[in-house]
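Asks: I'll drop the sequence and a predicted model, then ask my questions.
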Amino acid sequence: MYKRIANQFEGFMSTPSILKNSNFAGFTIFKSLDKVSSTSSKELLEKDYPENLVLGKRVEFFFLSAINASQELQIIAHNIQINDENRTLGELDFIVRDLQTSEILHIELMYKFYVYDPEIPNEMERWIGPNRKDSLLQKINKVKKNQFPILHTPQAENHIKDIGIDSKGILQQICFKAALFIPEKLNTYNFPNINEECIIGFWLHLKDFSKYNQKDFQFFAPEKQDWPMDPEYGEKWFSFEDISEQIQKLHLRNKSPLIWIKKPDGTFERLIAVWW
């Protein structure tokens, strides 16, 4: 189990920030995670990792472990529920102290998988979740209009004051990691505002999957919690016929699976087979 968790953690740490510009849409991007040693973080994972976390909670734990292993950063509080009497206003992901500058940071963490649909008119709306339930633009707007403003509500200010911090001096940043999949025909397209290092594969419809029906190709559809991992860690591989059947079953549930492909020359490919 620990080896699997460590591989997931490595995948999380190596996933780049989706935004090309450090001040895109008025956000400041949290970059200090790049300086954290993954080796020391792994030691914390081995001791403290709680099992059975969904991917969103899993990456929160990875982030927390990385910060706890840092010599330059200190966790003050995390997952702070802000309530107004019986109503939940929202949650603050992380309050962190930068030990180099003494700055206090409010960091919202996001880890997403998006596919690029060129049929959508607005460029930034084209990055959507594989199941078409969310989008990059929706997430950015949610942080800007809902999550960040929570810090400045009277309820949050009182909560932050109780832990000895003045919320007015807190700097707000985002840590937005993402893995992106594009249509193969757009392989040379220049995607504006997006860090193209996040593009790790293609997406396609099931009818186009037959191109991978080649000799000695092997396939695996990882669980969602394993999506951040490198395909080289796949342990069980299936034939084209078997994986096609698995994909069809997932499509009946409106699920778009990630597929790892192991080629005879020892290389790997990642793609998403969308259901829509």
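Replies: That came through, no problem. All of these numbers come straight from a predicted model, not from anything done at the bench.
Asks: identify the residue spatially nearest to the most centrally placed residue in the chain, adjacent ones excluded.
Replies: With distances taken as C-alpha atoms, centre = their mean, residue 111 lies nearest the centre of the chain, 1.7 Å away. Leaving out its chain neighbours, the residue that sits closest to residue 111 by C-beta to C-beta, 6 or more residues apart in numbering is residue 59, at 4.3 Å. For the C-beta atoms, the positions are set from N, CA and C on the backbone; glycine is no exception.
Asks: per-residue confidence for that neighbour?
Replies: With respect to pLDDT, residue 59 scores 95.
Asks: residue 2 too?
Replies: 69.
Asks: residue contacts, the residue nearest to the centre of the chain?
Replies: The neighbours of residue 111, taking C-beta atoms under 8 Å, 6 or more residues apart in numbering as the test, are 12, 15, 55-56, 59, 177-178, 228.
Asks: next step: the residues you listed restricted to helices.
Replies: Among the contacts of residue 111, the members falling in helices are 12, 55-56, 59 (criterion: DSSP state H).
Asks: dump those residues into CSV; add distance to residue 233 and neighbour count as well.
Replies: Formatted as CSV, the ones in helices among the contacts of residue 111 follow (distance: C-beta to C-beta, whole Å; neighbours: other C-beta atoms under 10 Å):
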residue, distance to residue 233, neighbour count
12, 13, 23
55, 16, 18
56, 21, 12
59, 17, 24
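Asks: now do the contacts for the residue lying farthest from the centre of the chain.
Replies: Each residue of the chain has a distance to the centre, and by C-alpha atoms, centre = their mean the biggest one is for residue 215: 33.3 Å. Counting by C-beta under 8 Å, 6+ apart, residue 215 makes contact with residue 264.
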